[in-house]
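[1] Sequence first, predicted model second:
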Amino acid sequence: MVDELGAVPLLSQCLDGNANGHTAIRQQCDWLLADGLLPPGTLMVSDRGTFSAEHVARLHRHGCPVLCSVPWEDYQGRYDSQADQLNWQRARYLSLEQPRRRQSNSSLPQEYYNRAVLRHSLSDPQTGEAIPCRVRFVDSSADETICRQTRERDRVRLRQGLEAIAATVARGHPQTTPASIARRVTRLFGKRAAARFFHGEMRPLTAEEQTLLPPPARGCRRPRYRFT
C-alpha cells in the first residue's frame, strides 16, 4: 500500500470466521513463523480479543515483544489496588486533527490521553518461566465523555424500567411472582455497568396492608408484594 507517507507492505490471511480471537492469533503467528515473516525482535501488535498468556509466551520464546489490548476485567483488580500510587503522565502523541484544533483555537473538543504504567509479569503456561511485562493504563478524555453519556442514558432507562416493574406488581398482575420479577429485573439490568447503583426488593405485604389497598382491576388480583 502506498500513500502520501510512503510504502507500507501488507500481508493478509484468511481465517475461519467461526474461530475466536485466541485461535485466530495463534494461527496467524504459526503462519508468520513458518514463512519466516516474524524475525526475532519484531514487535507484534494485536487488537482486543487476541490477548492471552499463551500468545505472549509464544512470541517471547521466539524473541519477539508483543503489544496487546487486554480485557479490562482481567486487570481491573490490579488497577483498583494500585490506583492511589499510579503516576499519570499526559501522552505527547495526538491525531492530526487535535493539534489543528489547538493551533486554531477551535471550539471543538480538545481531547487528550493520560497514561500510567505498572510493572507486571506473566507465567509461560508451557515452561513456567516468568515473562516480564508492563501494564499500561490509558485515561481518555473522549472515552470519559462517552462513558458519562452512556451512564446517564442507562440510569434513565433502568429507573424507568424499575418503575414499570413496580407498577406491574402494584396492579396485582396474576402472573407476578418473585421469580418472574427477578427474571425481569435481570433482563433489564443486563450487563449495564450502571446496574450496580440500583437495588430492587420484593417485600411481602401483610394482611392488614392488603386490606387497605383499592379493589384490583379486572383480570388482576389483590397485590401480595410491593416492589421497591
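    Now that the structure is in, tell me what you want to look at.
[2] make it CA atoms for all contacts and neighbour counts henceforth
    Will do.
[3] quick one: the residue nearest in space to the middle of the chain and residue 80, what's the gap?
    Geometric centre of the chain, nearest residue: residue 72, 6.0 Å, by Cα atoms, centre = their mean. Distance of residue 72 to residue 80, given as Cα to Cα, to the nearest Å: 11 Å.
[4] now residue 62, nearest residue through space, not along the chain?
    residue 40 (6.1 Å; Cα to Cα, 6 or more residues apart in numbering).
[5] And what about that neighbour, helix, strand or coil?
    coil (DSSP: H, G, I helix; E, B strand; the rest coil).
[6] Can you report how many residues neighbour it?
    15 (other Cα atoms under 10 Å).
[7] where does it land on pLDDT?
    Residue 40 carries a pLDDT value of 94.
[8] picking that back up, please state the backbone phi and psi of the residue nearest to the centre of the chain?
    phi -60, psi -40 (degrees, to the nearest 10).
[9] Quick check: the gap between it and residue 189.
    From residue 72 to residue 189 the distance is 20 Å (Cα to Cα).
[10] try residue 146
    Distance from residue 146 to residue 189, by Cα to Cα: 19 Å.
[11] Kindly report the same for residue 154.
    Counting by Cα to Cα, the gap from residue 154 to residue 189 is 9 Å.
[12] OK, contacts around the closest residue to residue 130 other than its chain neighbours?
    Distances taken as Cα to Cα, 6+ apart put residue 123 closest to residue 130, at 4.7 Å, once the chain neighbours are dropped. Listed by Cα atoms under 8 Å, 6 or more residues apart in numbering, the contact set of residue 123 reads 53, 57, 129, 130, 131.
[13] what do you get if the cut-off is 7 Å, keeping everything else the same?
    129, 130, 131 (Cα atoms under 7 Å, 6 or more residues apart in numbering).
[14] Let's see which of the residues you listed end up in strands.
    130, 131 (DSSP state E).
[15] of all the contacts of residue 123, which comes closest to residue 36?
    Ranked by distance to residue 36 (Cα to Cα), these are led by residue 131 at 23.6 Å.
[16] Run a quick neighbour tally on residue 152.
    13.
[17] typo on my end, residue 126
    9.
[18] and if you look at residue 109?
    11.
[19] Ramachandran angles for it?
    Dihedral angles (degrees, to the nearest 10) for residue 109: phi -60, psi 140.
[20] And it, how close does it get to residue 150?
    Residue 109 is 18 Å from residue 150, by Cα to Cα.
[21] Run through the helices of this protein in chain order.
    Listed in chain order, the helices found in the chain under DSSP state H are 21-34, 53-61, 72-82, 97-103, 141-171, 178-189, 207-211.
[22] right, and the ones you listed - which one's nearest residue 118?
    helix 72-82 (8.6 Å).
[23] Give the rounded mean pLDDT of that closest one.
    Mean per-residue pLDDT for helix 72-82: 92.
[24] And stretch 46-66, end to end?
    End residues of stretch 46-66 are separated by 8 Å (Cα to Cα).
[25] For that stretch, which outside residues touch it?
    Stretch 46-66 is contacted by residues 21-22, 25-26, 40-45, 67-71, 122, 124-125 when judged by Cα under 7 Å, 6+ apart.
[26] swap the cut-off to 10 Å and go again
    Stretch 46-66 has contacts (Cα atoms under 10 Å, 6 or more residues apart in numbering) with 20-26, 29-30, 33, 38-45, 67-72, 122-133.
[27] surely residue 29 meets residue 42?
    No. Using Cα atoms under 10 Å, residue 29 is not in contact with residue 42; the gap is 11.9 Å.
[28] Please identify which of the two sits among more neighbours.
    Between residue 29 and residue 42, counted using other Cα under 10 Å, the more crowded position is residue 29 (17 against 14).
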